[in-house]
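Chemist: Sequence below, structure please.
(chains A and B)
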Amino acid sequence: KAGVTQTPRYLIKTRGQQVTLSCSPISGHRSVSWYQQTPGQGLQFLFEYFSETQRNKGNFPGRFSGRQFSNSRSEMNVSTLELGDSALYLCASSLSPDETQYFGPGTRLLVL
Amino acid sequence: AQSVAQPEDQVNVAEGNPLTVKCTYSVSGNPYLFWYVQYPNRGLQFLLKYITGDNLVKGSYGFEAEFNKSQTSFHLKKPSALVSDSALYFCAVRVYNFNKFYFGSGTKLNVKP
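Modeler: Residues are numbered from 1 along each chain as shown, chains lettered A, B, ... in the order given. Now for the predicted structure:
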(Lines give C-alpha, C1' and ligand atoms only; values in the text may rest on other atoms or scores of the structure.)
Protein backbone atom coordinates (compact mmCIF):
# COMPACT_ATOMS: atom_id res chain seq x y z
CA LYS A 1 0.00 0.00 0.00
CA ALA A 2 1.33 3.43 -0.84
CA GLY A 3 2.00 5.69 2.10
CA VAL A 4 0.83 9.21 2.73
CA THR A 5 1.97 11.55 -0.02
CA GLN A 6 2.38 15.27 0.25
CA THR A 7 2.95 17.78 -2.51
CA PRO A 8 4.92 19.81 -3.06
CA ARG A 9 7.87 18.65 -0.95
CA TYR A 10 9.54 22.05 -0.91
CA LEU A 11 8.16 25.52 -1.40
CA ILE A 12 9.57 29.02 -1.27
CA LYS A 13 7.18 31.95 -0.95
CA THR A 14 7.41 35.59 -0.01
CA ARG A 15 5.59 37.40 2.75
CA GLY A 16 2.01 38.24 1.92
CA GLN A 17 1.55 35.43 -0.58
CA GLN A 18 -0.70 32.47 -0.03
CA VAL A 19 0.07 28.79 -0.37
CA THR A 20 -1.86 25.53 -0.77
CA LEU A 21 -0.43 22.22 0.37
CA SER A 22 -1.86 18.88 -0.63
CA CYS A 23 -2.07 15.55 1.14
CA SER A 24 -3.17 12.19 -0.20
CA PRO A 25 -3.88 9.70 2.59
CA ILE A 26 -3.24 5.99 2.58
CA SER A 27 -5.90 4.22 0.56
CA GLY A 28 -8.92 3.53 2.77
CA HIS A 29 -7.98 6.09 5.39
CA ARG A 30 -10.68 8.65 5.99
CA SER A 31 -9.11 10.78 8.70
CA VAL A 32 -6.45 13.39 7.89
CA SER A 33 -4.63 15.61 10.35
CA TRP A 34 -2.20 18.44 9.76
CA TYR A 35 0.69 19.52 11.94
CA GLN A 36 3.24 22.31 11.86
CA GLN A 37 6.75 21.45 12.98
CA THR A 38 9.29 24.13 13.86
CA PRO A 39 12.52 23.92 15.86
CA GLY A 40 11.18 26.28 18.49
CA GLN A 41 7.59 25.08 18.91
CA GLY A 42 7.91 21.42 18.07
CA LEU A 43 4.90 19.62 16.62
CA GLN A 44 1.73 21.64 16.78
CA PHE A 45 -1.67 20.36 15.78
CA LEU A 46 -3.42 22.38 13.09
CA PHE A 47 -6.65 20.54 12.30
CA GLU A 48 -8.23 17.17 11.67
CA TYR A 49 -10.74 16.13 9.04
CA PHE A 50 -12.89 13.06 8.88
CA SER A 51 -15.40 12.39 6.15
CA GLU A 52 -15.01 15.91 4.79
CA THR A 53 -15.79 17.49 8.17
CA GLN A 54 -13.37 19.39 10.34
CA ARG A 55 -13.53 17.68 13.71
CA ASN A 56 -11.00 19.69 15.64
CA LYS A 57 -8.79 22.71 15.22
CA GLY A 58 -5.62 23.80 16.95
CA ASN A 59 -4.68 27.27 18.13
CA PHE A 60 -3.72 28.85 14.85
CA PRO A 61 -5.00 32.09 13.31
CA GLY A 62 -7.72 32.10 10.70
CA ARG A 63 -5.09 32.48 7.98
CA PHE A 64 -4.68 28.72 8.28
CA SER A 65 -7.52 26.76 6.75
CA GLY A 66 -8.11 23.35 5.32
CA ARG A 67 -10.57 21.10 3.65
CA GLN A 68 -11.09 17.47 2.79
CA PHE A 69 -12.54 16.10 -0.39
CA SER A 70 -14.85 13.17 -0.93
CA ASN A 71 -11.89 10.95 -1.86
CA SER A 72 -10.29 11.83 1.54
CA ARG A 73 -7.55 13.92 -0.02
CA SER A 74 -6.94 17.07 1.95
CA GLU A 75 -5.54 20.51 1.33
CA MET A 76 -4.43 23.20 3.69
CA ASN A 77 -4.14 26.83 2.80
CA VAL A 78 -2.18 29.59 4.43
CA SER A 79 -3.00 33.12 3.37
CA THR A 80 -0.99 36.28 3.90
CA LEU A 81 2.17 34.39 4.68
CA GLU A 82 4.43 35.58 7.48
CA LEU A 83 8.09 34.79 8.08
CA GLY A 84 7.07 32.76 11.10
CA ASP A 85 5.07 30.38 8.93
CA SER A 86 8.32 28.84 7.70
CA ALA A 87 8.09 25.27 8.88
CA LEU A 88 7.71 21.63 7.97
CA TYR A 89 4.02 20.88 7.46
CA LEU A 90 3.14 17.28 8.14
CA CYS A 91 0.03 15.44 7.14
CA ALA A 92 -1.05 12.23 8.85
CA SER A 93 -3.81 9.83 7.93
CA SER A 94 -5.65 7.14 9.85
CA LEU A 95 -8.55 4.80 9.22
CA SER A 96 -10.64 6.79 11.66
CA PRO A 97 -9.92 9.50 14.23
CA ASP A 98 -9.00 7.10 17.04
CA GLU A 99 -6.67 4.92 15.01
CA THR A 100 -2.90 5.14 14.58
CA GLN A 101 -1.78 8.07 12.48
CA TYR A 102 0.69 7.53 9.66
CA PHE A 103 2.68 10.51 8.52
CA GLY A 104 3.72 11.78 5.15
CA PRO A 105 7.21 13.13 4.42
CA GLY A 106 6.07 16.71 4.88
CA THR A 107 6.18 19.92 2.90
CA ARG A 108 8.96 22.27 3.84
CA LEU A 109 7.80 25.85 3.45
CA LEU A 110 10.23 28.74 3.47
CA VAL A 111 8.81 32.25 3.63
CA LEU A 112 11.19 35.03 2.61
CA ALA B 1 -5.67 19.55 29.92
CA GLN B 2 -3.86 16.76 28.11
CA SER B 3 -0.10 16.91 27.87
CA VAL B 4 2.99 14.86 27.18
CA ALA B 5 6.43 15.47 28.59
CA GLN B 6 9.74 14.19 27.34
CA PRO B 7 12.10 15.38 30.07
CA GLU B 8 15.33 14.82 28.13
CA ASP B 9 16.15 16.89 25.07
CA GLN B 10 18.97 14.50 24.22
CA VAL B 11 20.03 11.01 25.16
CA ASN B 12 23.52 9.72 24.43
CA VAL B 13 24.28 6.01 24.45
CA ALA B 14 27.06 3.79 23.14
CA GLU B 15 26.29 1.26 20.45
CA GLY B 16 25.38 -2.09 21.95
CA ASN B 17 24.20 -0.60 25.22
CA PRO B 18 20.55 -0.51 26.26
CA LEU B 19 18.67 2.71 25.68
CA THR B 20 15.71 4.38 27.35
CA VAL B 21 13.83 7.43 26.14
CA LYS B 22 11.45 8.78 28.76
CA CYS B 23 7.87 9.94 28.38
CA THR B 24 5.27 10.93 30.92
CA TYR B 25 1.73 12.01 30.24
CA SER B 26 -1.19 13.76 31.84
CA VAL B 27 -4.67 13.03 30.53
CA SER B 28 -8.21 12.85 31.76
CA GLY B 29 -9.51 9.56 30.51
CA ASN B 30 -7.97 6.41 29.14
CA PRO B 31 -4.84 7.20 27.15
CA TYR B 32 -3.75 5.79 23.85
CA LEU B 33 0.05 6.14 23.79
CA PHE B 34 2.35 6.17 20.79
CA TRP B 35 6.01 6.44 19.88
CA TYR B 36 7.20 7.85 16.59
CA VAL B 37 10.68 8.32 15.17
CA GLN B 38 11.80 11.05 12.81
CA TYR B 39 14.94 10.95 10.69
CA PRO B 40 16.37 14.22 9.30
CA ASN B 41 14.14 15.90 6.73
CA ARG B 42 11.60 13.11 6.93
CA GLY B 43 8.11 12.65 8.34
CA LEU B 44 7.36 10.68 11.47
CA GLN B 45 7.44 6.89 11.38
CA PHE B 46 5.18 4.90 13.68
CA LEU B 47 7.08 2.65 16.10
CA LEU B 48 4.52 1.26 18.52
CA LYS B 49 1.38 1.99 20.49
CA TYR B 50 -0.38 1.05 23.70
CA ILE B 51 -4.13 0.86 23.71
CA THR B 52 -4.97 -1.71 26.36
CA GLY B 53 -3.76 -5.06 27.63
CA ASP B 54 -0.17 -6.06 28.30
CA ASN B 55 1.84 -3.19 29.72
CA LEU B 56 4.89 -4.14 27.66
CA VAL B 57 4.42 -3.29 24.02
CA LYS B 58 6.75 -4.49 21.29
CA GLY B 59 7.20 -2.46 18.15
CA SER B 60 9.30 -1.99 15.06
CA TYR B 61 13.10 -2.27 14.84
CA GLY B 62 13.43 -4.03 18.19
CA PHE B 63 11.92 -1.21 20.23
CA GLU B 64 9.54 -1.77 23.10
CA ALA B 65 7.77 0.44 25.59
CA GLU B 66 6.38 -0.09 29.03
CA PHE B 67 3.12 1.47 30.13
CA ASN B 68 3.07 2.35 33.81
CA LYS B 69 -0.31 3.67 34.88
CA SER B 70 0.68 4.60 38.44
CA GLN B 71 3.64 6.65 37.22
CA THR B 72 1.80 7.84 34.09
CA SER B 73 4.83 6.91 32.03
CA PHE B 74 5.45 5.23 28.72
CA HIS B 75 9.21 4.90 28.33
CA LEU B 76 10.73 3.65 25.09
CA LYS B 77 13.43 1.01 25.38
CA LYS B 78 15.75 -1.10 23.32
CA PRO B 79 18.11 -3.76 24.70
CA SER B 80 20.98 -3.01 22.33
CA ALA B 81 21.30 0.34 20.54
CA LEU B 82 22.47 0.71 16.95
CA VAL B 83 24.12 3.75 15.38
CA SER B 84 21.24 3.77 12.90
CA ASP B 85 18.81 4.35 15.80
CA SER B 86 20.13 7.91 16.04
CA ALA B 87 17.11 10.10 15.33
CA LEU B 88 14.46 12.28 16.96
CA TYR B 89 11.87 10.38 19.00
CA PHE B 90 8.40 11.64 19.81
CA CYS B 91 5.95 10.36 22.35
CA ALA B 92 2.26 11.09 21.72
CA VAL B 93 -0.97 10.59 23.59
CA ARG B 94 -4.55 10.54 22.48
CA VAL B 95 -7.60 10.18 24.66
CA TYR B 96 -10.27 7.87 23.35
CA ASN B 97 -12.91 9.75 21.40
CA PHE B 98 -11.03 13.01 21.74
CA ASN B 99 -9.92 14.19 18.38
CA LYS B 100 -6.38 15.31 18.95
CA PHE B 101 -2.93 13.87 19.30
CA TYR B 102 -0.66 15.56 21.81
CA PHE B 103 3.02 15.24 21.06
CA GLY B 104 5.97 15.62 23.37
CA SER B 105 8.78 18.00 22.49
CA GLY B 106 10.97 15.21 21.17
CA THR B 107 14.17 13.58 22.37
CA LYS B 108 17.22 13.40 20.19
CA LEU B 109 18.90 10.03 20.51
CA ASN B 110 22.60 9.88 19.71
CA VAL B 111 24.12 6.43 19.46
CA LYS B 112 27.90 6.54 19.23
CA PRO B 113 29.96 3.72 17.73
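Chemist: from here on, contacts and neighbour counts on C-alpha atoms
Modeler: Fine.
Chemist: okay, now the closest residue to chain A within chain B: neighbour count?
Modeler: Sorted by distance to chain A under Cα to the nearest Cα, the residues of chain B start with B:G43, at 4.0 Å. With neighbours defined by other Cα atoms under 10 Å in any protein chain shown, the count for B:G43 comes to 22.
Chemist: Let me see the contact set for it.
Modeler: If you count contacts by Cα atoms under 8 Å, 6 or more residues apart in numbering or on different chains, B:G43 has them with A:L90, A:F103, A:G104, A:P105, A:G106.
Chemist: element containing A:Y49?
Modeler: strand A:42-50 (DSSP states H and E).
Chemist: in its sheet, what does that strand sit against?
Modeler: strand A:31-38 (antiparallel), strand A:53-57 (antiparallel) (DSSP bridges).
Chemist: gap between that strand and the chain center?
Modeler: Distance of strand A:42-50 from its chain centroid, counting by Cα atoms, centre = their mean, to the nearest Å, is 7 Å.
Chemist: now stretch A:27-46
Modeler: So, by Cα atoms, centre = their mean, the centroid of stretch A:27-46 is 6 Å from its chain's centroid.
Chemist: For it, the averaged confidence score.
Modeler: What stretch A:27-46 shows for mean pLDDT is 92.
Chemist: List the neighbours of that stretch that are in contact with it.
Modeler: Contacts for stretch A:27-46 (Cα under 8 Å, 6+ apart): A:1-2, A:25, A:47-51, A:57-60, A:72, A:74, A:86-97, B:100-106.
Chemist: In helices, which of the residues you listed appear?
Modeler: Per DSSP state H, helices hold no members of the contacts of stretch A:27-46.
Chemist: Now that we have these, which of them are buried?
Modeler: A:25, A:47-51, A:57, A:72, A:74, A:86-97, B:100-106 (16 or more other Cα atoms under 10 Å in any protein chain shown).
Chemist: Just the ones in strands from the residues you listed, please.
Modeler: Counted as lying in strands by DSSP state E, out of those, are A:47-50, A:57, A:74, A:87-94, B:102-103.
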